[in-house]
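Trainee: Generate coordinates for the sequence data below:
(one chain, ligands or ions: 1)
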Amino acid sequence: MKKSLTIAEVNELVTGINKLSRNLWWSWNQEAQDLFQQLSPRGWQHLFHNAAAVLREVSEYELRVHLQDSEFANKVKAVLKDFDHYLTDQTTWGHKNAPALHKNPVAYFSAEFGFHESLPISAGGLGILAGDHAKSASDLGLGFVGIGLFYREGYFQQAIDSNNWQTEYYNPVDPKNVPVEPVFDADGDRLVCSVEIGMNVVAFQVWRVNVGRVPIYLLDTNLPENEQLYRDLTTRVYGGDTTTRIMQEILLGIGGIRLLRALGKEPSTFHMNEGHAAFLTLELVREKIAAGKTLAEAQAITKTECIFTTHTPVEAGHDRFSSELMNYSLQRYILQLQMPFQELLGLGRVKPADEKEPFCMTVLALKLSRAANAVSELHGQVSRHMWQNLYGVPEAQVPIGHITNGIHLLGWMKGSVRQFWRRKLNENTNGGTQLFREKFGSDWAAAVNDVEFWQKMTDPAFVSDEELWALRYSLRRELIEFARRRLIQQNPRVTPGDYIRFDHLLNPDALTIGFARRFATYKRAPLIFQQFDNIVKLVRDKQRPVQFVFAGKAHPRDDEGKRFIQQIIHLSKHSELAGSLVFIENYDIHVARQMVSGCDIWLNNPRRPLEASGTSGMKASCHGCLGFSILDGWWREGYDGTNGFAIGEDSHSPNVEEQDRVDSAHLYRTLTEQVVPQFFNRDTNGIPRQWIQRIRRAMCTLVPQFTTDRMVKEYTNRYYLTK
Ligand SMILES: *Cc1c(COP(=O)(O)O)cnc(C)c1O
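Mentor: Down below sits the predicted model:
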């Protein structure tokens with residue numbers, strides 16, 4: 001008979017599993033997720049795959065009983081051992097290559113962070129990138145701390161009304177149910193700091209998100225001592241009007257620096273992820289003036305401490321505030337800053353003395369940073385053009401570089417795909433994989449982030465066409481099942497008698513085209529349907545059927561974006577397309593993961609050059625889903641003619657209508673002349689060899705290249721470590 005655990009041993013495991021549930025490391029560790037799923041399979045599904053919520057749903061008594069099952073207890077022990085090793089490992093890339101950052105970390109400021117579907121504090125790509133940046137900083141063992149805001153209602157949840165119009169609702173986040181922890185001061189009380197906003201002093205408390213080794217601090221003004229206006233400041237992501245916006249940004253930038261000081265942190269570099277955080281430069285200047293520096297000295301030193309990443313060429317993405325609003329919002333703070341108000345306004349203007357020019361956060365960030373970068377090569381060119389007049393030098397000399405975005409690979413990889421690659425790694429039936437065992441031992445995470453691992457994808461002995469095709473079939477099936485479940489849920493009039501109807505939605509054999517992102521108009525979601533009759537022909541083709549899965553949210557005040565959603569849903573109900581075009585509501589990280597893995601083709605047709613980088617397509621490659629995109633952002637660098645499909649040329653017309661017309665024609669031509677024929681070109685065993693060759697090329701050329709591991713290493717070598 002097996003010996004049962006002692007009380008002390010059970011206590012230790014209970015403590016360990018509680019700690020684990022409050023560290024997002026589980027969100028990219030399959031074994032850890034399996035534990036929580038096993039504790040409450042339905043809870044796992046219904047509570048947004050959230051370990052913290054599952055542990056609250058399972059009573060401690062129940063947990064203790066489970067731990068008496070030696071099989072379960074052993075799994076817990078193994079996961080906790082890995083977790084402990086992860087947290088304490090001193091041999092990371094960061095320990096070797098950036099040890100100085102452990103004493104003086106990088107402080108990374110971002111108005112949004114997309115970590116996990118259970119913590120909806122991100123509106124889109126910018127936040128997802130910030131979340132992935134933090135996860136890779138943790139994996140690499142970098143000295144790194146993040147600053148953001150704790151939005152109690154997060155970003156909105158999407159519902160579609162009977163007019164196919166997007167409506168918004170909010171699910172308040174209960175901190176106890178999400179993977180965050182309250183931050184305390186030295187006396188064990190809640191840490192509370194404050195910041196001057198308008199005429200008031202606004203207090204804020206803090207929540208910490210443990211992202212592996214990396215802490216992210218989220219500021220929260222919802223405290224009884226604040227007036228209601230200020231309590232509501234951190235309610236929603238980009239909620240309210242410009243007044244809310246500037247006040248959120250004062251909190252983020254100025255409050256964030258105050259918090260770091262209260263925590264005793266001495267960052268070596270302050271990284272502003274987009275202009276939202278640029279007020280942090282003012283607080284750095286204020287600190288230096290208070291320490292006896294002149295204004296000029298304080299600005300010069302601050303400039304050596306900051307770096308700035310710009311994320312969009314779209315005008316609306318650059319915050320601009322009127323002098324009146326600046327004056328109103330900073331009236332109390334400016335007294336402390338001891339800077340003439342006109343001088344402050346000048347810091348946010350291209351022409352400092354131009355009183356008509358509003359205050360621009362991007363300009364402030366550019367002026368007070370030692371380095372600035374865009375997020376892809378083309379976006380670098382566009383940004384240098386955009387800001388040339390700020391520098392008065394030839395475009396090529398404008399000091400804005402670029403580091404192309406990436407994704408946190410393990411975080412995006414679907415569970416079944418992790419298992420697939422892990423099995424491939426463990427099968428030591430040939431020399432190649434033996435080599436991996438020697439190189440990585442059992443460190444699967446290191447292997448999967450290695451260029452060599454993905455180079456093996458061109459080797460049929462490592463993974464055969466048949467295996468890859470079977471993987472594609474199972475992933476497409478998983479997406480279709482997911483879509484059917486979601487379509488039932490999102491249709492309030494469905495009764496169980498109707499379920500069978502939903503079993504006919506989408507076809508497991510059809511070429512499945514995915515499109516999901518924010519419904520910003522420049523992303524042109526409905527573009528493909530400009531060729532409506534032709535698309536209908538493709539969809540109705542019995543031999544070579546094509547189908548579409550769409551998802552995405554429009555900003556609550558973007559009626560044009562909402563009209564795009566309305567058009568797509570309207571088309572999905574059209575008799576010719578019904579069942580072959582679905583719109584999945586409430587796009588989030590979970591929906592994104594289902595779609596980038598289950599679709600065969602990832603469509604992206606932004607109006608060039610407005611897609612600064614784009615990242616959703618990067619999430620597709622490791623699942624064998626191919627890119628099909630305009631040569632904008634990252635795809636212009638990733639596409640090499642063999643690893644996916646390009647829409648149009650490496651150029652664009654300056655005329656918007658012309659561009660839409662040309663792109664729509666190119667899109668349709670590539671689809672019918674390349675994508676569809678190659679997908680359905682099968683050999684006698686039913687395998688599309690040519691298609692799978694493209695998948696192999698995508699895996700080996702794109703997966704290891706477009707990761708945040710590569711990206712964060714570049715930031716470290718080029719910006720964090722060089723002053
Ligand atoms: C990846 C991702 C994005 C960004 O997608 P783009 O194609 O870069 O616009 C936005 N939202 C969610 C939920 C994502 O997962």
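
Trainee: alpha carbons only for contacts and neighbour counts from here, please
Mentor: Noted.

Trainee: any idea how far P609 is from the ligand?
Mentor: 13 Å (CA to the nearest ligand atom, to the nearest Å).

Trainee: What of Y170?
Mentor: Computed as CA to the nearest ligand atom, the Y170 to the ligand distance reads 16 Å.

Trainee: Please verify my assumption that that residue contacts Y155.
Mentor: Yes: Y170 is in contact with Y155 according to CA atoms under 8 Å; the separation is 7.4 Å.

Trainee: Of the two, which one has the most company?
Mentor: The neighbour comparison of Y170 against Y155 (other CA atoms under 10 Å) goes to Y155, with 25 against 14.

Trainee: How confident was the prediction at the more buried one?
Mentor: You'll see Y155 listed with a pLDDT of 95.

Trainee: quick one: contacts for it?
Mentor: By CA atoms under 8 Å, 6 or more residues apart in numbering, the contact set of Y155 is 120-123, 170, 236-237.

Trainee: again, but for A32
Mentor: Contacts of A32 (CA under 8 Å, 6+ apart): 26, 76, 79.

Trainee: Is it correct that C193 falls within a strand?
Mentor: Yes: counting by DSSP: H, G, I helix; E, B strand; the rest coil, C193 is found in a strand.

Trainee: Based on its surroundings, how many neighbours for it?
Mentor: Residues lying near C193 (other CA under 10 Å) number 18.

Trainee: Also S575?
Mentor: Counted with other CA under 10 Å, S575 comes out at 9.

Trainee: What helix or strand is it located in?
Mentor: Secondary structure assignment for S575, by DSSP states H and E: no helix or strand.

Trainee: ok, it to D443 distance?
Mentor: 51 Å (CA to CA, to the nearest Å).

Trainee: Now do the domain split for the chain, please.
Mentor: Listed by automatic domain parsing, the domain ranges of the chain are 7-88, 93-405+714-720, 509-692.

Trainee: Need the residues that contact stretch 340-357.
Mentor: Under the contact criterion CA under 8 Å, 6+ apart, stretch 340-357 has outside partners 323, 327, 334, 358-364, 367, 389-390.

Trainee: Name the residues of that stretch that are buried.
Mentor: Buried positions in stretch 340-357, judged by neighbour count with 16 or more other CA atoms under 10 Å: 341, 344-350, 357.

Trainee: nearest spatial neighbour of the residue nearest to the spatial centre of the chain, skipping sequence neighbours?
Mentor: Nearest to the mean C-alpha position of the chain, by CA atoms, centre = their mean, lies I128 at 1.3 Å. Leaving aside its sequence neighbours, I128 sits nearest to G114 (CA to CA, 6 or more residues apart in numbering; 4.2 Å).

Trainee: Please apply the same query to L603.
Mentor: Of all residues not flanking L603 in the chain, F628 sits nearest, at 4.9 Å (CA to CA, 6+ apart).

Trainee: sorry, back to before: which among the domains of the chain is found nearest to C700?
Mentor: domain 509-692 (8.9 Å; CA to CA).

Trainee: tell me how far the closest one is from the chain's mean position?
Mentor: Relative to its parent chain, domain 509-692 has a centroid offset of 20 Å by CA atoms, centre = their mean, to the nearest Å.

Trainee: Would you work out how far apart the start and end of it are?
Mentor: Start-to-end span of domain 509-692 (CA to CA) is 16 Å.

Trainee: Can you classify the residue nearest to the centre of the chain by secondary structure?
Mentor: Assignment for I128 (three-state DSSP): helix.

Trainee: so it makes contact with S110?
Mentor: No: applying CA under 8 Å, one finds I128 not in contact with S110, separated by 10.7 Å.

Trainee: and P224, how many neighbours?
Mentor: For P224, the neighbour count with other CA under 10 Å is 9.

Trainee: okay if I get the contacts of A32 as TSV plus secondary structure and neighbour count?
Mentor: Shown next, in TSV, are these (DSSP: H, G, I helix; E, B strand; the rest coil; neighbours: other CA atoms under 10 Å):
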residue	secondary structure	neighbour count
W26	helix	23
V76	helix	22
V79	helix	22
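
Trainee: out of these, who's nearest K553?
Mentor: For those, the nearest to K553 is W26 (27.2 Å; CA to CA).

Trainee: In space, what's closest to that closest one - neighbours in sequence excluded?
Mentor: Closest to W26 by CA to CA, 6+ apart is A32, at 5.3 Å.

Trainee: if I pick D503, what's in contact with it?
Mentor: Contacts for D503 (CA under 8 Å, 6+ apart) come out as R484.

Trainee: how much space between it and G579?
Mentor: Distance from D503 to G579, by CA to CA: 10 Å.

Trainee: With H66 instead?
Mentor: Distance of H66 to G579, given as CA to CA: 44 Å.

Trainee: Which elements pack onto the lengthiest helix in the chain?
Mentor: Longest helix in the chain by number of residues (criterion: DSSP state H): helix 465-489. Under the contact definition 3 or more CA pairs under 8 Å, 6 or more residues apart in numbering; DSSP states H and E, helix 465-489 sits against helix 499-502, strand 581-584, helix 589-598, helix 689-702.

Trainee: and stretch 417-424, how far out from the chain's middle?
Mentor: 23 Å.

Trainee: Residues contacting that stretch, please?
Mentor: Under CA under 8 Å, 6+ apart, the answer for stretch 417-424 is 30, 410, 444, 462-463, 623.

Trainee: same deal with stretch 648-661?
Mentor: Under the contact criterion CA under 8 Å, 6+ apart, stretch 648-661 has outside partners 527, 607-608, 630-632, 636, 663, 666-667.

Trainee: pLDDT (mean, whole number) over that stretch?
Mentor: For stretch 648-661, the mean pLDDT works out to 92.

Trainee: Just name the shakiest helix or strand of the chain by mean pLDDT.
Mentor: In the chain, no helix or strand scores lower on mean pLDDT, DSSP states H and E than helix 431-440, which sits at a mean of 64.

Trainee: This completes my enquiry, with thanks.
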